[in-house]
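Engineer: The sequence and its predicted three-dimensional model are supplied below.
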Amino acid sequence: MKPILCLLFACLSATVFGQMEQRSALTMGGSSTTITQNSTTYYISESVGQQGAIGTFYNEALTARQGFQQPPVRVNAIAQSENPLDAVVFPNPVTTSVTVQFNEIIQGAAIASVYDVQGKLVLQRQWSGQSAYQMDLSFIAAGTYVLKVSDGNREFISQLIKN
């Protein structure tokens, strides 16, 4: 009889208390500070439980960001050249290395730059006198990158996907 009573009590309490509405709120807090040490300035910020919309507004004089830990930088797109280099990049997606194949031999110095999605320079290589160049990308993290190759007057820009 006791096990049946215990089971009945458990079912009743689950029915009564299991359907109760509970209110909860996600609180938020955070702070930021600037620290200067040995003529180098560091910006430190933290955010806990932030709610609300995420977005960015900017004009020529002001950049305002709202949301989780927005970086204090503005990322600009790389402009296409008026006089592009004619090239092909393969394989793409890349696992270890990528080949840039030009339709001509590059006579002067060519500079290949790889940028991450935030515009940070990840890798830069230089060569000359070749119609193809192979770049080792095995040491960079998986993600999306922008490859920009320039020979001084002309540019080639391509998106790279690293697996």
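Structural biologist: Yes, it's here.
Engineer: those helices in this protein, which residues are they?
Structural biologist: Assigned by DSSP state H, the chain shows helices spanning 2-18.
Engineer: Quickly list the domain ranges of it.
Structural biologist: 29-66, 87-162 (automatic domain parsing).
Engineer: Mean pLDDT for these - can I get that in TSV?
Structural biologist: Converted to TSV, the domains of the chain look like this (pLDDT from 0 to 100):
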stretch	mean pLDDT
domain 29-66	67
domain 87-162	90
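Engineer: Can you say which of those is packed in most?
Structural biologist: domain 87-162 (a mean of 15; mean count of other C-beta atoms under 10 Å). (Glycine included, C-beta is placed from N, CA and C.)
Engineer: show me the contacts for the nearest residue to residue 130 once chain neighbours are set aside.
Structural biologist: Take residue 130 and drop its neighbours on the chain: the residue closest to it by C-beta to C-beta, 6 or more residues apart in numbering is residue 106, 6.1 Å away. Contact analysis of residue 106 by C-beta atoms under 8 Å, 6 or more residues apart in numbering lists 127-131, 151.
Engineer: Ok, which of the domains of the chain comes nearest residue 2?
Structural biologist: Each of those has some distance to residue 2 by C-beta to C-beta; the shortest is domain 29-66, at 45.8 Å.
Engineer: neighbouring strands for the lengthiest strand in the chain, and are they parallel or not?
Structural biologist: Longest strand in the chain, counting residues (DSSP state E): strand 97-116. Using DSSP bridges, strand 97-116 pairs in its sheet with strand 87-90 (antiparallel), strand 121-136 (antiparallel), strand 143-150 (antiparallel).
Engineer: Out of those, which gets nearest to residue 4?
Structural biologist: Distance to residue 4, taken as C-beta to C-beta, is lowest for strand 143-150 among these, at 60.6 Å.
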